[in-house]
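Student: Provided below for reference: sequence and predicted model.
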Amino acid sequence: MAYVALSDKYYAKFRAMADTKQKLRAFKDNNNTVKVRLGGINTPESVHANKKMNTQAGKLASQWAKDNFYRHPVTLRCWDFGRNGRPICSIQTEHGNKDWGLEAIKAGHSDYITKYGKHPFLHSKYRVADLL
C-alpha cells in the first residue's frame, strides 16, 4: 500500500472513477492523496491494525520503500479496484522508470502473486524477478 499525492486535475479524474462509498474511502480530498494497492505483490505487514500481523520483515520492507521512493514523482498505471476499495496499480518513478513492485521483488521484500490474476503490464518481468 502506498499513499500517492495527485495534481488537482488528475485527482478529480481519478476520484470520479470511484463509484461506491467503499472506493471513495481511498481518496483524501483535503490533500489530494489516494491510498493505492500495489498490484501483483505480497509484502509482509508493518502497520496492520492487528499488531500480531506486523513483522520485522514488514518493517524492513517499509523502510526500504521510504528510503527509495518517498517524495519521488511517480506515474500510476491502475487497472482495477480491490476488495477494500483501493485502486490496484503499478507505480513507476518518473525518473529512472523504476517500478516499485518489481524493485520490491528484486530486493527480496515481496513475492509476485497471481492469486487475483497476472500483472496486466509486467507479468513476465515480475515472474522472472520472483525466480531469482
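Tutor: Alright, I've got the coordinates. Keep in mind it's a predicted model, so treat the numbers as computed, not measured.
Student: Please report how far residue 66 lies from residue 52.
Tutor: In this view, residue 66 and residue 52 are 23 Å apart by C-beta to C-beta, to the nearest Å. Every C-beta, even on glycine, is put in place using the N, C-alpha and C of the backbone.
Student: can you check residue 60 too?
Tutor: As for residue 60, its distance to residue 52 is 18 Å (criterion: C-beta to C-beta).
Student: So between those two, which is more surrounded?
Tutor: A direct count of neighbours by other C-beta atoms under 10 Å for residue 60 and residue 52 places residue 60 higher, at 15 against 7.
Student: ok so the more buried one is a helix residue?
Tutor: Yes - counting by DSSP: H, G, I helix; E, B strand; the rest coil, residue 60 is part of a helix.
Student: Which residue of this protein lies farthest from its centroid?
Tutor: residue 52 (22.3 Å; C-alpha atoms, centre = their mean).
Student: So which elements touch the helix or strand hosting residue 77?
Tutor: Under the criterion of DSSP states H and E, residue 77 resides in strand 74-81. Judged by 3 or more C-beta pairs under 8 Å, 6 or more residues apart in numbering; DSSP states H and E, strand 74-81 is in contact with strand 87-93.
Student: Name the surrounding residues that touch the very next helix or strand once past the strand it packs on.
Tutor: Moving toward the C-terminus from strand 87-93, the next helix or strand (DSSP H and E) is helix 100-106. Outside helix 100-106, the residues that touch it by C-beta atoms under 8 Å, 6 or more residues apart in numbering are 2, 38-41, 43, 61, 64-65, 68-69, 74, 90-93, 110-112, 119, 122, 125-126, 129-130, 132.
Student: Name the residues of helix 100-106 that are buried.
Tutor: 100, 101, 102, 103, 104, 105, 106 (16 or more other C-beta atoms under 10 Å).
Student: Could you do stretch 85-102 as well?
Tutor: For stretch 85-102, a neighbour-count test (16+ other C-beta under 10 Å) marks 85-93, 98-102 as buried.
Student: how distant is that stretch from the center of its chain?
Tutor: Per C-alpha atoms, centre = their mean, to the nearest Å, the displacement of stretch 85-102 from the mean C-alpha position of its chain is 7 Å.
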